[in-house]
Each structure stands twice: as C-alpha cells, then as structure tokens.
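*Asks:* Mind folding the following:
(one chain, ligands or ions: 1)
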Amino acid sequence: MDPAHPCASKTARPAFLVSKIMFLAHAVLSGLTVITLIAMIPACVAQKIQLSLDASKSGDKIDRNIFGQFAEDLGHGLYEGIWVGSDSTIPNTRGIRNDVVAALKALRVPNVRWPGGCFADEYHWRNGIGPQRVVTLNPNWGGVIDTNAFGTHEFMDFLDQIGAEAYVSVNVGSGTPREAAEWLEYLTTAQPTTLAKDRATNGHQGPYKVGYLGLGNESWDCGGNMTPEYYVSQMKTYSRFVRNFNPEQQDKNQMLKIAVGPGGGEPRWTEWTDVVMKAYQSHTWSWDINGLSMHSYTVGKWPPAFASTGFGETEYAQILKYTLEMDDLINKHSAIMDKYDPQKKVALVVDEWGAWYAPLLGTNPGFLVQQNSLRDAVLAALNLNIFARHADRVRMANIAQMINVLQAMIMTNKEKMVLTPTYYVYKMYLPFQDATFVPVTFDAGAYKHGDISLPRVDVIAAKDTAGNFWLALTNIDPNQPAEIEVSLNGITAKSAAGEALSAPKVDSVNTFEEPKAVEPKPFSAKAADGKLVLTLEPKSVTVISIGQ
Ligand code: AHR
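*Replies:* Numbers count the residues shown, from 1 in each chain. Model prediction:
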C-alpha cells in the first residue's frame, strides 16, 4: 500500500481521526448537512455494507457445467500433469496419476474439454489409439515431440476416474467431417462395426458417452483463419455428420454441439456472433447447435506481460479491472444471441477463460507455465459470480487450464503436486453447482487505487437442492476488512459457517516447498437481531451457508 495513504500507517491513523472529530464538531456547529459529513469521511473508514437477501425470490439454475475444466495437449498439462505411464514410480492407475485424480475428484469436475484449444485443429485421433502410437509434433505448443501415449482411451479413463463428462473438440481446421464422424462412431456406437470392434480390441467393449462436442476452436484464428460465413458452412456439415450413436444418448442426455463463437468484443467478433446466430435462427432438421463458445482471457494486452509472482497492489488492481470486463462481454454477445434466440436455447459457453500472464522464467514459453496467487483466487471468484448472474445464458464454462498451464488448479513437478489458490475457490464453490441463483441487493462501495476504481465487494447467493442458502462473498479491497450486515427476508438466520481464503499478500502463492501458504480457513458468524454480521478479511473469498 502507498505509505501516503491515510490507512497506511497505524501511527498516522489516530491523528487523522482526531482531526476528523474536530472537523465533525465544527461542521455540526456550523450547520452543515449530514450528507456533507458523510462525503468527508475518509476512504479508509469503510462503511458497513448492507446486503439483503429475499428467500422467496429465485433466479435460474447455476449449471454445474460452469465449473468445467480445459485440458489441452500443451506443455505439461497432460504429460506429467495427468499421464505418467503405468511404469512410472509416481503412484498411478493405468498411467494416470493417483494424487491428481484424488484432488480433482474432490472438485466434482463436471466436464473436461480436450484435446484443445489450437491443438484440436491439428489432432488426428487415430494417432492416439492402439498399441503402436504415431509420434508426431506439437507445432502450436513449443514444437515438441508428441508420443500420443495419452489418446482417446486414456482421456476417457481419466474422466471415468475423476467422474467428469467428456467435452471433445473435433478437428475442423485440418481434419475432415469424415475423420470426426468416424471418431464419434468409434467412441459411441454399440453396434458391432469395424470401428467398434477396434475400440473393443483397444480395451473398451461398450460405447463411451460424449456429453459435449466442440465444432472447431477459434476458427477465426488458429483454427483456420476462416470468415464467419465460411465457418458456418463448415460447421453445418460437421453438425450434420458427426453423430453420437450411444443408445443412452438418443432420447435423453443428448450430446450438445458447441459452435465456435467470439474471442472478444471488437467488431469482428460481434459480427461473428451475429453470423453464426443468424444461421442458427434458420437451422433445419439436418443440423443444429446447442451452444456458442466464447473465449476471453484476462491478459491486459498481447503478448501476455503481467508477472504471475512478485507483483504489487497496482498490478492486482489492474488485473482485476480487466477481469471484470467479462460481464460487459457477456452482455454484448448475449444481446446478439437474444435477437436470434430469444428463448435462450443456445447456451453461451465460455470454454476458455482465466488469467494469462508472462511465462515463468526458465520455462519453455510454449508451455504457458505461470504461478497462481491469491489474486487468481479473487479473479476466479469474480468470474464465477459473473457466470452465475448470467445463468440464463451462460450454462457452461471451462477455465484454462486444468494442470500446469495458465490459471491451473494443480501444479506438478515430478512426484510433487501442489494445489493452487484457484483450486480452493472451486472447492469452496461446490455448493453452487446446480444450485438456484438467489438475487441479493447491496451497495458494493468502491475500492480505489490510483485511477482504478473497483467495487469493494462482490456477493452472490444461491439455494442448494437440499434447501440450504449459501453466500459467496469476495472482498476485493486488499487493505481493509469489509463488514457486511445481512438482512434476510423469509428465513431466520441463527448463524453462518463456511470457509474463507486469504493470505498475507496479494501475490502470495503455494509452492512445492510451502504448499499451504494460501489455504481456506474455517469461518463462522452469529446472528444478532435477525441479522448476520460478517467481517471479511481484506483480499479474500468467503463461502458460507446460512444456519436457520
Ligand atoms: O489456452 C491456450 C490457447 O488459447 C488455446 O489453445 C487457444 O484456443 C487459445 O488461443
């Protein structure tokens, strides 16, 4: 904090308060209005925030798929992060790390997007099945050799071990509709076709379930530099022919098809959304889409230059300002979607989002390795809150990326594994999976740093399927606690209990040497006169259930 800030020094504060009291006395005497007095209260004397929750009001279901993950064949995301091979000394089940599986199981990951990303549009699935894998290159990410040891069966086994659904992105950029159609037949048919027999020979007798199908990735850029019109004609063909044959996914649990959508708010992307959604409006029996993807990273500017460690309050405030732009972006593209799909049949799927910083020194820049700090925990909570508020349209999201890449849940180094601050936010938010959004009203106030002004706090509420009410509260202000007085209408609160995540510094991180520097701690509060008074630590995320 700036030492010149009135809240900076403990010794400065009494003198400051004395002068304030003198001012107040003088002001009362001179007949100034209360409004003037309030305006003169310095920024460091934070106001108590009044928040009200009306239990009789409810919004949309917060689809658990907004807690989805993304695992691209990139750097150590799959290899070493998930896959170590069955002859590894690292404890594994059929080549998949046990420690990582246990950590992810605890997150109840709803779905995992694979194999990319840009990688998907160069992936040929046949290279990754059977006893003899084809060794290829990974030109997108570091130009390294790809053994293809982690292929279709390994991915589906991994999902089975963690209990998640498959979101498979097919190759529209350099593949063919036939190649993609055959992949889906290989995966999903129960009939004794040659492809199904190959699947059985390769170790899986019955059909797999594929919940979500990505029809290309960033086709406006790394996925083939297509115009929106060209993409639409390609996408229709893929939508038509790439079928899911699993008998259990015909009437119910049908596979949802997700088209490539925008990568930002500029005119080329609003045009993209417009063209795809206009085509959707006149879709026929022969093709359909159920989702439009959107990618938006918190980066500041390209190429990514913000450091992921060793930064201060300025970079903390700047990054959080950028991340809050997610809300505008969703509003912008939702408005276009509303024009063509007022019934909101097509979901906006934010299937790549998160912080993208400069690569850590000493790492391969193509591997997108960065640290994950308390700032990222706050950033994750703010974005999850935005998605929850847009639950009517945003029904799926995938943070980039699951392990060792960008804003990861988990980092590994040989046999070591560390859980990141972002991991803990996902764990704390578990009660929000498939819960019903409950609107709350509050005046967030402002946290100011230099010329940046951000809301001081952010809060969402929800009712879970068992009828319990939950609050997720983020105190963005890194310098002051936030006191929140919660008034409840329709329920009587006796107490609140949950967890709070904070750390000494905005750039506090968990490392292999000090893995518990940023970890949630128990949090509880009692109600008085029917109101809950919660004191949130500076720069913190708190999730509580309301005890009735
Ligand atoms: O997540 C890293 C990359 O970012 C993805 O491969 C691509 O889709 C996006 O540009």
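
*Asks:* ok, now which ones touch Glu537?
*Replies:* Asn475, Pro481, Ala500, Ser502 (CB atoms under 8 Å, 6 or more residues apart in numbering). Using the backbone N, CA and C atoms, a C-beta is placed for each residue, glycine as well.

*Asks:* Check Leu104 too.
*Replies:* Taking CB under 8 Å, 6+ apart as the test, what Leu104 contacts is Gln69, Ile162, Ala164, Met402, Met409, Ile410.

*Asks:* ok, 7 Å please
*Replies:* Ile162 (CB atoms under 7 Å, 6 or more residues apart in numbering).

*Asks:* do you know how far it is from the ligand?
*Replies:* 18 Å (CB to the nearest ligand atom, to the nearest Å).

*Asks:* And for Phe158?
*Replies:* Phe158 is 18 Å from the ligand, by CB to the nearest ligand atom.

*Asks:* try Ile544
*Replies:* Distance from Ile544 to the ligand, by CB to the nearest ligand atom: 33 Å.

*Asks:* How about the residue of the chain found nearest the ligand: what's its closest non-neighbour residue?
*Replies:* Nearest residue of the chain to the ligand, counting by CB to the nearest ligand atom: Gly117, 2.8 Å away. Once flanking residues are discounted, Gly117 sits nearest to Glu72: 3.6 Å by CB to CB, 6 or more residues apart in numbering.

*Asks:* Among the contacts of Glu537, which lie within strands?
*Replies:* Members of the contacts of Glu537 lying in strands (criterion: DSSP state E): Asn475, Ala500.

*Asks:* So which elements touch the one helix or strand Ile145 maps to?
*Replies:* Per DSSP states H and E, Ile145 falls inside strand 144-146. Strand 144-146 is packed against strand 136-138, with contacts defined by 3 or more CB pairs under 7 Å, 6 or more residues apart in numbering; DSSP states H and E.

*Asks:* what's in contact with the strand it packs on?
*Replies:* Identification of contacts with strand 136-138 by CB under 7 Å, 6+ apart yields Asp73, Phe119, Asn127, Gly143, Val144, Ile145, Asp146, Asn148.

*Asks:* Reformat these into JSON lines and put neighbour count and distance to the ligand next to each item.
*Replies:* Shown next, in JSON lines, are the contacts of strand 136-138 (neighbours: other CB atoms under 10 Å; distance: CB to the nearest ligand atom, whole Å):
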{"residue": "Asp73", "neighbour count": "25", "distance to the ligand": "9"}
{"residue": "Phe119", "neighbour count": "23", "distance to the ligand": "6"}
{"residue": "Asn127", "neighbour count": "15", "distance to the ligand": "18"}
{"residue": "Gly143", "neighbour count": "10", "distance to the ligand": "15"}
{"residue": "Val144", "neighbour count": "15", "distance to the ligand": "15"}
{"residue": "Ile145", "neighbour count": "10", "distance to the ligand": "18"}
{"residue": "Asp146", "neighbour count": "22", "distance to the ligand": "14"}
{"residue": "Asn148", "neighbour count": "21", "distance to the ligand": "18"}
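
*Asks:* which stretches of the stretch 351-500 of the chain form helices?
*Replies:* Secondary structure of the stretch 351-500 of the chain (DSSP state H, counting those that start in this stretch): helices located at 374-389, 421-428.

*Asks:* Check the chain too.
*Replies:* Counting by DSSP state H, the chain has these helices, from start to end: 12-29, 34-40, 98-105, 152-162, 177-188, 194-201, 228-241, 267-281, 313-323, 325-340, 374-389, 421-428.

*Asks:* Work out which residue lies at the spatial centre of this structure.
*Replies:* Ile399 (3.7 Å; CA atoms, centre = their mean).

*Asks:* Neighbours of the closest residue in space to that one that isn't next to it in sequence, how many?
*Replies:* In space, and not counting its chain neighbours, Ile399 is closest to Gly354: 4.8 Å by CB to CB, 6+ apart. Residues lying near Gly354 (other CB atoms under 10 Å) number 27.

*Asks:* In this structure Gly354 contacts Val405, no?
*Replies:* No: the criterion here is CB atoms under 7 Å, and Gly354 misses it with Val405 at 9.7 Å.

*Asks:* Wait, Trp272 touches Ala259, no?
*Replies:* No: using CB under 7 Å, Trp272 is not in contact with Ala259, being 10.0 Å away.

*Asks:* quick revisit: export the helices of the stretch 351-500 of the chain to CSV and tack on mean neighbour count and distance to the ligand?
*Replies:* Converted to CSV, the helices of the stretch 351-500 of the chain look like this (neighbours: other CB atoms under 10 Å; distance: least, CB to the nearest ligand atom, whole Å):
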stretch, mean neighbour count, distance to the ligand
helix 374-389, 25, 15
helix 421-428, 24, 15
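
*Asks:* For Val425, which non-adjacent residue is spatially closest?
*Replies:* Val425's closest residue in space is Ala380 (CB to CB, 6+ apart), at 4.4 Å.

*Asks:* Kindly report the same for Thr465.
*Replies:* Asp434 (6.6 Å).

*Asks:* mind listing what that neighbour touches?
*Replies:* Here Asp434 is in contact with Lys61, Ile62, Asp63, Arg64, Thr465 (CB under 7 Å, 6+ apart).

*Asks:* Tell me the residues of the stretch 101-250 of the chain that contact the ligand?
*Replies:* Taking CB under 6 Å from any ligand atom as the measure of proximity, the stretch 101-250 of the chain contacts the ligand at Gly116, Gly117, Cys118, Asn217, Glu218.

*Asks:* residues near Pro431, how many?
*Replies:* Quick note: Pro431 (other CB under 10 Å) scores 21 neighbours.

*Asks:* Relative to Ile546, how far out is it?
*Replies:* 11 Å (CB to CB, to the nearest Å).

*Asks:* Pull out the buried members of the contacts of Glu537.
*Replies:* Asn475, Ala500, Ser502 (16 or more other CB atoms under 10 Å).

*Asks:* re earlier: Serialize the helices of the stretch 351-500 of the chain to a markdown table and add fields for mean pLDDT.
*Replies:* Putting the helices of the stretch 351-500 of the chain into a markdown table (pLDDT from 0 to 100) gives the following:
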| stretch | mean pLDDT |
| --- | --- |
| helix 374-389 | 98 |
| helix 421-428 | 99 |
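
*Asks:* Indicate which one of those helices is closest to Ser540.
*Replies:* helix 374-389 (7.9 Å; CB to CB).

*Asks:* I'd like to know which elements the closest one is packed against.
*Replies:* So helix 374-389, by 3+ CB pairs under 7 Å, 6+ apart, packs with helix 313-323, helix 325-340, strand 347-355, helix 421-428, strand 457-463, strand 469-475, strand 540-547.

*Asks:* got a list of contacts for that helix?
*Replies:* Outside helix 374-389, the residues touching it (CB under 7 Å, 6+ apart) are 62, 66, 298, 316, 319-320, 323-324, 326-327, 330, 350, 353, 355, 394, 397, 407, 421-422, 424-425, 429, 432, 437, 458, 460, 472, 474, 476, 501-503, 506-508, 518, 539, 541.

*Asks:* Off-centre distance for it?
*Replies:* For helix 374-389, the separation from the chain centroid amounts to 8 Å (computed by CA atoms, centre = their mean, to the nearest Å).

*Asks:* same check, this time on stretch 275-290
*Replies:* The answer for stretch 275-290 is 27 Å, by CA atoms, centre = their mean.

*Asks:* Alpha carbons only: can I get that stretch in PDB?
*Replies:* C-alpha atoms of stretch 275-290 as PDB (Å, rounded to 0.1, in the frame of the first residue of the first chain):
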ATOM      1  CA  VAL A 275     -23.500 -14.500 -38.500                       C
ATOM      2  CA  VAL A 276     -23.500 -17.800 -36.500                       C
ATOM      3  CA  MET A 277     -26.600 -16.900 -34.600                       C
ATOM      4  CA  LYS A 278     -28.400 -15.700 -37.700                       C
ATOM      5  CA  ALA A 279     -27.600 -19.000 -39.400                       C
ATOM      6  CA  TYR A 280     -28.900 -20.800 -36.200                       C
ATOM      7  CA  GLN A 281     -32.200 -19.000 -36.500                       C
ATOM      8  CA  SER A 282     -32.900 -20.700 -39.800                       C
ATOM      9  CA  HIS A 283     -31.500 -24.100 -39.000                       C
ATOM     10  CA  THR A 284     -33.300 -27.100 -40.300                       C
ATOM     11  CA  TRP A 285     -33.800 -30.700 -39.100                       C
ATOM     12  CA  SER A 286     -30.500 -31.600 -40.600                       C
ATOM     13  CA  TRP A 287     -28.200 -29.500 -38.400                       C
ATOM     14  CA  ASP A 288     -28.300 -27.800 -35.000                       C
ATOM     15  CA  ILE A 289     -26.200 -26.300 -32.300                       C
ATOM     16  CA  ASN A 290     -26.800 -26.100 -28.600                       C
END
